[in-house]
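A.B. asks: attaching a predicted model along with its sequence, questions to come.
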Amino acid sequence: MPRQQHAKLYIEKIIEKAMEESNVESKNESVKDAIHDALRLMRDSGFPISGKVEIAVDADLPFMGYSTQRAEGNVIVVAGRAVESGMIEGLLIHELCHIYRTEQNHPSHNKDLLNRVGYHLLHEYELHKDYQVKTIQQAVNHIQDLYADDISFQVFRKSHAFTEEQAHAFFLDWIDDTPAGGRSIRTRWINIDVMLNNCFAFSNLTRHGVRDIDGKVQKAVEAFLSQTDEAISQASPYFKEFMTNLKEDVSEPQFEKDLTEYLNKIVKLAQQTQ
Ligand SMILES: [Zn+2]
């Protein structure tokens, strides 16, 4: 056996051993308890989930978690570090709210509609670069997250799972106050992505009447805007308004129209000559 391969196998064995000895079992048990609690809180708050929900822990997931639909039902995948973060309950409630929106057929969670709008946009403007696709995907995710969190916040308030101070600290942390430097097209897309991300965090707090303690969120958002290029800075209020004013009761055609306009504005902003 070549030496390198041998070394690799050896490392795998050590990892296997470490896994056996770690508390994988108890970790899964605590996640199971957490999902039962979260499902109960959803039901008690008036947002029952009717489908089956399974949960999986992915030790290597680079972000906190996501939910997906499989033939056998809904699956929520959470990161190993999310389990250890103490925020697992809040995360599970957020993911369950996506599932609830999907079960209720809310336009923001209609896969066909989103695919149609997304595909059309990427095709029309020939957006193939990974940073372009990522920015568009994130822009759509923000809208979905806002609709999911309209429910999460109601559940949090009822269950005291996430206080206003925690929400403020969490979304303040979400905001990036320093733009990427340089004047390449890629940088521009990245800064638009950050601007949208900041708008999302700020709008989410505004939608739920969370007080901006010492104006910290506002200051962080403004710090970013004062350093980024003027067109991005000037466009920001439109996106903040758009996200803040999303309506609960919106028809599918109206949502499709609004989403298309919002995404078109993003691409036009990215393509604007500097
Ligand atoms: Zn989400």
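C.D. replies: On my side now, so go ahead.

A.B. asks: for the rest of this, base every contact and every neighbour count on C-alpha atoms.
C.D. replies: OK.

A.B. asks: check which element follows the lengthiest helix in the chain along the chain.
C.D. replies: Using DSSP state H, we find that the single longest helix of the chain is helix 130-159. Per DSSP states H and E, the first helix or strand lying C-terminal to helix 130-159 is helix 164-174.

A.B. asks: show me what counts as buried in stretch 38-53.
C.D. replies: For stretch 38-53, the neighbour count (16 or more other Cα atoms under 10 Å) marks 38-39, 41-42, 45, 47-49, 53 as buried.

A.B. asks: format these as CSV; extra columns: distance to Ala82.
C.D. replies: Shown next, in CSV, are the buried residues of stretch 38-53 (distance: Cα to Cα, whole Å):
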residue, distance to Ala82
Ala38, 15
Leu39, 18
Leu41, 19
Met42, 20
Ser45, 24
Phe47, 24
Pro48, 24
Ile49, 22
Val53, 18
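
A.B. asks: those residues in helices, which ones?
C.D. replies: Those of the buried residues of stretch 38-53 lying in helices (DSSP H): 38-39, 41-42.

A.B. asks: what does stretch 217-228 contact?
C.D. replies: Stretch 217-228 has contacts (Cα atoms under 8 Å, 6 or more residues apart in numbering) with 172, 175-179, 191, 195, 198-199, 202, 212, 232-233.

A.B. asks: one step back: name the helices or strands packed onto the longest helix of the chain?
C.D. replies: Contacts defined by 3 or more Cα pairs under 8 Å, 6 or more residues apart in numbering; DSSP states H and E place helix 130-159 against helix 24-44, helix 88-103, helix 185-207.

A.B. asks: residues contacting the closest residue to Thr206 other than its chain neighbours?
C.D. replies: Here the nearest residue to Thr206 in space, its sequence neighbours aside, is Thr244; by Cα to Cα, 6 or more residues apart in numbering that works out to 6.8 Å. The contact partners of Thr244, taken as Cα under 8 Å, 6+ apart, are 203-204, 206-207.

A.B. asks: please apply the same query to Ser159.
C.D. replies: Per Cα under 8 Å, 6+ apart, neighbours of Ser159: Leu41.
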